[in-house]
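S.K.: give me the fold of what follows.
(chains A and B)
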Amino acid sequence: MNDGLITTVLIALLGGALRVSTPFMFVALGECLTEKSGRVNLGLEGTLVLGAVVAYATSYHSGSPWLGVLAAGGAGAVLGAIHGFVCKLPRVNDIAIGIAMMLFGTGIAFFFGKAYIQPTAPRLEPLSLGAWTGDAKLATALQINPLLIVGVIIAFCMWWAFANTRWGLLVRMSGDSAPAARAMGVSVDLVRFLATAGGGFLAGIGGAFLSLYYPGSWNQGLSSGQGLMAVALVIFARWNPLRCVAAALLFGATGAIGPALQSVGVTQGYYFFNAAPYILTLLIMVGSAGSKQAAREAPGELSITK
Amino acid sequence: MSEFRISRRQFMHGAGAMGASGLLAGASTPALAAGVTLGIVYVGPRDDFGWNQAHAVAIKGLKAVAGVKAVEEENVPETDACSKSMESMVNLDGANIVLGTSFGYFTPFMIDLAKKYPKVEFRHAAPLWDGSKHPKNLGSYFGYLNQAHYVNGVAAGLSTKSNKLGFVAAKPIASVLSNINSFLLGARKVNPNAVVQVIFTGDWSLPVREAEATNALVDAGCDVITCHVDGPKVVIETAEKRGVKSCGHNASQAPLAPKGFLTGAEYKWETIYKIYADKVAKGEPLPNMLAGGYDTDMVMNTPFGAGASEEARKAATAAIADLKAKKPIYVGPLKDNKGNLVIDKTYDNYDPYLDQMNYLLEGVIGSIT
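M.R.: Numbers count the residues shown, from 1 in each chain, chains lettered A, B, ... in the order given. Got it, this is the predicted structure:
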């Protein structure tokens, strides 16, 4: 392989990271918030799909894609709130409810989404950050959706807030030790309810990115499991919002390997390269799961770690 | 034993019929003897801009024919669910012919149903029926879409400036490879320097990876993009966004690319479905195998889009006339892209040898493994 081809692949990886990672990032940040409060919401795949269709429909009817983004967040928050409310009831398992919510979310999204497969809605416009490079490929790769920047800002805010604010402390305390939080007079259920609804809001926005920017249309196979992968990314990122961003970018970049290698003529073994993101995740998980550090970082109240 | 087991649907049907005969007293003679009721099952939504839409468009045309009733069901997975919806079409809607349009419906679901309901005709949209193994009231139909992809290739060969054409493909199976190779041969007929670069995504519907593949092909210098995936919407829209030209697949995607659309390869299932409806109405036996291309009006090309130049339109129209006159696409000798001689002589467009295709011709950049 000569230098030109390597550059092409690297640019494709960069482009892939910037194009594909945003939904992973939003869902992972949402799940990070929820899990920090001590609850697991596996339903975010459904939230992502519902967010996608609500965003597309709102944008189509109102003509404003940004209104679509907000509506998708709202729909996600409603699904999250249902999850949060049901889990508050005694003897309810949050994992089971999450799976139910996932099926519910995709189900109603498919039901209401039927009418929106054909029409074309206004999409979100990219910001061209690559004009200065003078290289057409690099310029295309550097077309960034504003939502990506919003996601990174949210990640920094969450990271800062978890460490430095009273709200962040309440969320972490509910997640690490519910009795301690109760002793302080905090309603653990309320904190978790709000954290799940907030997490749903973020995941819904991830869906809006799928239908309104990249790939930028609504159809039923749109998510193909990205919401589930993003939930796994949170464990991979060990409940740290900044690492969630890094994990999402890495996942997006490795996802671009398959098509990028085929486009430069490395055509053998594309099934293997298409599986690269999953193989990578698996390897890093195996490598990191054994460490004591990882165990310390997991919220103590999570039903998967308890 | 299965003969004595009554499914819930059969029970409902029986109970309903009893109730009806009790209430209407004799007025309930089944009306289906006269007319034709055709049941059709789709694996996805009817308006997917792709495979399912192509069938649904044909059914819509059929509904206009007097005496033909069509019952449709969408989003039926390739599981037991397919048996259930087909059975209810037979028992509750009185379908006398049932069409399954997804590959996985055939084994074992449609085979079992054909045995269970010997008076109902079952037809499946892929060449899987084998007279020595399968019931006589079961059969296959399909279209040689590669002929329309050949026409796509002619239009694409005259529309490219870089001489690089991009093809986003799902899986390296014979029908997909045949479309890629025919697309190349069409392009080479009018432009000997054209090459086709193919990217396999690995599955029939992966919107994000299809968009990535399209972007990668455009980055690699391709300026005409086409595809063989279930729903070409994402590929065509991404190509349009990147400012390159595109050719469609399965159904009409012309509205998705108002600037760059050339033409597209489409099935004309309506021809086949009309033959079926006609034969059922007349009480004639249905053919077990029904397949064809341009010469039997079973495939077509989407009307030219804004991207097609006058020259491309003329050449593509001439190519269609050639195919209607049964002029062969595979004119040997031809080598595959590893240098082996794979097409030793000139083959007729329907030669069974071409159905076994497991190679990419010289001029295609890509690999099937």
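S.K.: the host helix or strand of A:L261 packs against which elements?
M.R.: Secondary structure assigned from DSSP states H and E places A:L261 in helix A:257-263. Using 3 or more C-beta pairs under 8 Å, 6 or more residues apart in numbering or on different chains; DSSP states H and E as the contact test, the elements touching helix A:257-263 are helix A:3-36, helix A:270-274, strand B:195-200, helix B:207-219. Heads up, the C-betas are built off the backbone N, CA and C, glycines and all.
S.K.: tell me the average confidence for that helix?
M.R.: When pLDDT is averaged over helix A:257-263, the result is 85.
S.K.: name the nearest residue to A:Y214, ignoring sequence neighbours.
M.R.: The shortest distance from A:Y214 to any non-neighbouring residue, by C-beta to C-beta, 6 or more residues apart in numbering or on different chains, is to A:R19 (5.1 Å).
S.K.: close to chain A: what parts of chain B are there?
M.R.: With C-beta under 8 Å from any C-beta of the partner chain as the criterion, chain B meets chain A at residues B:44-45, B:47-49, B:75, B:197-202, B:205-213, B:215-217, B:219-220, B:230-231, B:233-234, B:237-238, B:241-242, B:255-256, B:365-367, B:369.
S.K.: if we can go back for a sec, for the residue nearest to A:Y214, what are its contacts?
M.R.: A:Y214, A:G252, A:A256, B:A211, B:E212, B:N215 (C-beta atoms under 8 Å, 6 or more residues apart in numbering or on different chains).
S.K.: equivalent analysis for A:A155, please.
M.R.: So A:A155 contacts A:M25, A:L29, A:P241, A:L242, A:C244, A:V245 (C-beta under 8 Å, 6+ apart).
S.K.: I figured the third one hits A:L29, correct?
M.R.: Yes. At 5.9 Å, A:P241 and A:L29 qualify as touching, with contact defined as C-beta atoms under 8 Å.
S.K.: neighbour-wise, which of these two wins?
M.R.: A:L29 (31 against 25; other C-beta atoms under 10 Å in any protein chain shown).
S.K.: is it true that A:N219 lies in a helix?
M.R.: No. Checked against DSSP: H, G, I helix; E, B strand; the rest coil, A:N219 lies outside a helix; its state is coil.
S.K.: distance of it from A:A247?
M.R.: 27 Å (C-beta to C-beta, to the nearest Å).
S.K.: with B:L184 instead?
M.R.: On the measure of C-beta to C-beta, B:L184 and A:A247 end up 41 Å apart.
S.K.: out of the two, which sits in the more crowded spot?
M.R.: The neighbour count for B:L184 versus A:A247, taken as other C-beta under 10 Å, is higher for B:L184 (28 against 25).
S.K.: and the more buried one, how far from chain A?
M.R.: Separation of B:L184 from chain A (C-beta to the nearest C-beta, to the nearest Å): 15 Å.
S.K.: sorry, back to before: redo the contacts of A:A155 as CSV? Include pLDDT and distance to B:P333.
M.R.: Shown next, in CSV, are these (pLDDT from 0 to 100; distance: C-beta to C-beta, whole Å):
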residue, pLDDT, distance to B:P333
A:M25, 95, 53
A:L29, 97, 59
A:P241, 95, 62
A:L242, 95, 60
A:C244, 94, 57
A:V245, 95, 56
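S.K.: out of those, which one sits closest to chain B?
M.R.: A:M25 (14.1 Å; C-beta to the nearest C-beta).
S.K.: I'd like to know how many residues surround that closest one.
M.R.: For A:M25, using other C-beta under 10 Å, the count is 31.
S.K.: look up phi and psi at B:K164.
M.R.: When read as degrees, to the nearest 10, the backbone of B:K164 gives phi -110, psi 120.
S.K.: check contacts around it.
M.R.: Here B:K164 is in contact with B:A194, B:V195, B:Q197, B:A220, B:G221, B:C222, B:D223 (C-beta under 8 Å, 6+ apart).
S.K.: bridged to it, which residues?
M.R.: Judged by DSSP bridges, the bridge partners of B:K164 are B:V195.
S.K.: which residues of chain A lie near chain B?
M.R.: A:8, A:11-12, A:15-16, A:19-20, A:110, A:114, A:117-118, A:120, A:137, A:140, A:210, A:214-217, A:219-222, A:224, A:226, A:255-256, A:258-260, A:262-265, A:267-271, A:274.
S.K.: please, a ChimeraX command that selects the buried ones among the residues you listed?
M.R.: Buried residues among the residues of chain A next to chain B (16 or more other C-beta atoms under 10 Å in any protein chain shown), as a ChimeraX selection:
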select /A:8,11,12,15,16,19,20,114,117,120,137,140,210,214,215,216,217,219,220,221,222,224,226,255,256,258,259,260,262,263,264,267,270,274
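S.K.: grab the nearest non-local neighbour of the spatially most central residue of chain A.
M.R.: Among the residues of chain A, the one closest to the centroid is A:V27, at 2.1 Å (C-alpha atoms, centre = their mean). Closest residue to A:V27 apart from its sequence neighbours, by C-beta to C-beta, 6+ apart: A:A230 at 3.5 Å.
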